[in-house]
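Visitor: got a sequence here, can you model it:
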Amino acid sequence: MFSTVPRSLLCCTNVIVPNRALAFALTKCPFLENPNLQCREYHEVTGNIVCPNVVRGIDHLRDPRLNKGLAFTLEERQALGIHGLLAAKFKSQEEQLDICRISIDRYEDNLNKYLYLVELQDRNEKLFFRLLAENVEKYLPIVYTPTVGLACQRFGLIYRRPRGLFITINDKGHIFNILKNWPEPDVRAIVFTDGERILGLGDLGAYGMGIPVGKLSLYTALAGIKPHQCLPITLDVGTDNQDLLEDPLYIGLRQKRVRGKEYDEFIDEFMEACVQRYGQNTLLQFEDFALGNAGRLLNKYRNKYCTFNDDIQGTASVAVAGLMAAVRVTKRKLSENIYLFLGAGSASNGIANLTVAAMVAEGLSVRQARDRVYMFDVDGLLSTRREGGVPEHAQNFGKDIEPEKDFEKCVAKIKPSCLIGCSTVGGAFTPNVLRQMAQNTERPVIFALSNPTSKAECTAQDAYDHTEGRCVFASGSPFPPVQYNGKEYHTGQGNNSYIFPGVALGVIATATHHIPETMFLTAARTLANYVSEEDLSIGRIYPSLAEVKEVSVSIAIEVAKMAYDEGLASVYPEPKDLAKHVENQMYNYFYESAMPVVWDWKPEEKFNVKPIQPVPKNI
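Guide: Here you go, the predicted structure:
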């Protein structure tokens, strides 16, 4: 009986005890014996609506969702019983933001800056998200690429407290029970990884948790998705990284990766458990799965769940948006380009397939569009004549041509006008390759999309130097401004953060039940339309990251429109003002009053009330 009593009841000193056994148990309660122990845990506030009669005054300082630091007013401090627990000075949120900026700037190492931001999120959620949302260009490289890659590599060292769920292969058969342990019932978006292909760093196992945590931070900072609706999850099935298996700081299972039937059954159970716990419209985002699983799992689940793979579809959408914007510089339609991909993995295939869809929209047939796309992987040009043929996942882009293992010769022979790198091989676009691209066309398009920066196929400076400044360049990680021939260029970063937060917001706002490929083409067009002539004049084919919040909202609105047009939305009736409906779903970064709402009643009417009569004895 003792175990069935809520802990909050056991910790209440004036509880009415229903029987002697429970009374005895209460006398042994450590929280009664030692009043200095906390009766409740931190981070207990759940949902979007806080019930004021279950939140103590001290919770406003301990819970990051409620904490405002020195911004609590005198009235709030006195009413909540926290007066004296804070220094006498009152500081607005704006003043606190200035202090945060100064504090971060004191750190020279980006990993230390990352840790500062993590700790800020742990103590003051609104301050963290407002700081990030209002300083996107400055702090996005800290919470996301490239610094998040280093954070993942050092995850065992910097691990502080749980943020998200770790579900292991040993929990197979009990995944739903683990999801029930997450205290937040209103989850709308889950980003999950098995850690096998973290950025361009490879298999990081359980250390990969930094990626879903970082992605969901951007959900909130860039698209206003409420943080309590987001859940990061790592699916720990082991690791084949021998260094991690021998790492004393490693926090995951010390075993080789589980594969095959057992792995597939584990993923099946996970997907089913998520919708059982949170509903069929829960957004399930695959993140950093390896080539052997990424494409096939997306194809397996895309028509059964509300799901997408950001490495395939998000990367494709942002890359195609860049190609669409580049049309205004090159004066060539998408369907007039020849495309050569270095790398034939999930990212390359995702970009290629969406580019084909865009060319079909311009009037080509699917076959004609695919004929304009070539791929080169570790075994050379994707030719049906090469030994081993074309990998199954890239069958659409194999060509009946002579095999070739020299990438420079391929660039010279095929003469692509667009060169797209998704290889994670740093420096693969050599000076000779870049000079050949400059010979192939007047305005070559060169995308070095691999992350982190060390894995980029070339730098922005190299691209300009070896194409006589004529290239249209974009990268996956940020590069400093380029100086060429007396002019400064600010190259574009083809960052998925332009795409996935807005898509997620539109999907969540309309409770969309499936995400078709065309939704990412819609997102790409919306992003491309945001690129200004001023952006293009300085070499940038993406808008400034400072505009990414506006871009995200615009994408969300267009995605929402498409959801209703295609019959994919589940929120009915359809809102009359869709833009207002989307904005109403968004998180408020600003401090709100901690005081309960009070109101007056109108005066009672006057009546002649009779005196109370004694109760007759015979009743």
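Visitor: what are the ranges of the strands in the chain?
Guide: Secondary structure of the chain (DSSP state E): strands located at 165-168, 189-193, 230-236, 283-286, 307-309, 339-342, 373-377, 380-381, 418-421, 445-448, 472-475, 482-484, 487-489, 492-493.
Visitor: turn the ones you listed into TSV, including mean neighbour count and distance to K610.
Guide: Just so you know, the C-beta spots here come from the backbone N, C-alpha and C atoms, and that holds for glycine as well. Output for the strands of the chain, formatted as TSV (neighbours: other C-beta atoms under 10 Å; distance: least, C-beta to C-beta, whole Å):
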stretch	mean neighbour count	distance to K610
strand 165-168	19	63
strand 189-193	26	61
strand 230-236	24	60
strand 283-286	25	62
strand 307-309	25	68
strand 339-342	26	90
strand 373-377	23	91
strand 380-381	20	100
strand 418-421	27	89
strand 445-448	28	87
strand 472-475	27	84
strand 482-484	17	91
strand 487-489	15	89
strand 492-493	28	80
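Visitor: wait, which of the ones you listed is closest to C100?
Guide: Shortest distance between C100 and those, using C-beta to C-beta, is found for strand 230-236: 21.8 Å.
Visitor: and F341, what does it touch?
Guide: S348, I351, A352, V373, Y374, M375, F376, F397, I420, G421, C422 (C-beta atoms under 8 Å, 6 or more residues apart in numbering).
Visitor: what would the residues you listed look like in a markdown table with distance to A594 and pLDDT?
Guide: Formatted as a markdown table, the contacts of F341 follow (distance: C-beta to C-beta, whole Å; pLDDT from 0 to 100):
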| residue | distance to A594 | pLDDT |
| --- | --- | --- |
| S348 | 51 | 94 |
| I351 | 48 | 96 |
| A352 | 52 | 97 |
| V373 | 57 | 97 |
| Y374 | 60 | 97 |
| M375 | 57 | 97 |
| F376 | 59 | 96 |
| F397 | 58 | 96 |
| I420 | 51 | 97 |
| G421 | 51 | 96 |
| C422 | 48 | 94 |
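Visitor: which among those residues gets closest to E605?
Guide: When these are compared against E605 (criterion: C-beta to C-beta), the nearest one is I351, at 72.5 Å.
Visitor: pretty sure the closest one sits against A319.
Guide: Yes: with contact defined as C-beta atoms under 8 Å, I351 reaches A319; the gap is 4.5 Å.
Visitor: for the stretch 351-500 of the chain, which segments are assigned as helices?
Guide: Using DSSP state H, counting those that start in this stretch, the helices of the stretch 351-500 of the chain run over 366-370, 407-414, 431-440, 460-465, 500-510.
Visitor: picking that back up, can you say which of the strands of the chain is nearest to P603?
Guide: strand 230-236 (47.5 Å).
Visitor: what do I351 and A319 both touch?
Guide: I420.
Visitor: could I get the contacts of F341 in TSV, plus columns for distance to N112?
Guide: Supplementary listing: the contacts of F341 in TSV, determined by distance: C-beta to C-beta, whole Å:
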residue	distance to N112
S348	35
I351	35
A352	40
V373	43
Y374	44
M375	40
F376	40
F397	44
I420	35
G421	31
C422	31
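Visitor: and the furthest pair within those residues?
Guide: Top of the distance list for these (C-beta to C-beta): F397 and G421, 15.6 Å.
Visitor: skip the chain neighbours and tell me the closest residue to F176.
Guide: A273 (4.2 Å; C-beta to C-beta, 6 or more residues apart in numbering).
Visitor: ok, the spatially most central residue of the chain to I557 distance?
Guide: The centre of the chain sits closest to K215, judged by C-alpha atoms, centre = their mean, with a distance of 2.3 Å. Distance of K215 to I557, computed by C-beta to C-beta, to the nearest Å: 21 Å.
Visitor: repeat for G502
Guide: 9 Å.
Visitor: and these two? Which one has more around it.
Guide: G502 (31 against 21; other C-beta atoms under 10 Å).
Visitor: I'd say the more buried one and A560 touch.
Guide: No: checked against C-beta under 8 Å, the pair G502 and A560 is beyond contact range at 10.2 Å.
Visitor: now do the same contact list for the residue nearest to the centre of the chain.
Guide: Neighbour list for K215: Y144, V191, P232, Q285, E287, D310, F500 [criterion: C-beta under 8 Å, 6+ apart].
Visitor: which residues touch the second one?
Guide: Listed by C-beta under 8 Å, 6+ apart, the contact set of V191 reads I211, P212, K215, L216, Y219, C230, L231, P232, I233, Q285, E287.
Visitor: hmm, back to that, highest average neighbour count across the helices of the stretch 351-500 of the chain?
Guide: Of all the helices of the stretch 351-500 of the chain, helix 500-510 has the most neighbours on average by mean count of other C-beta atoms under 10 Å, namely a mean of 29.
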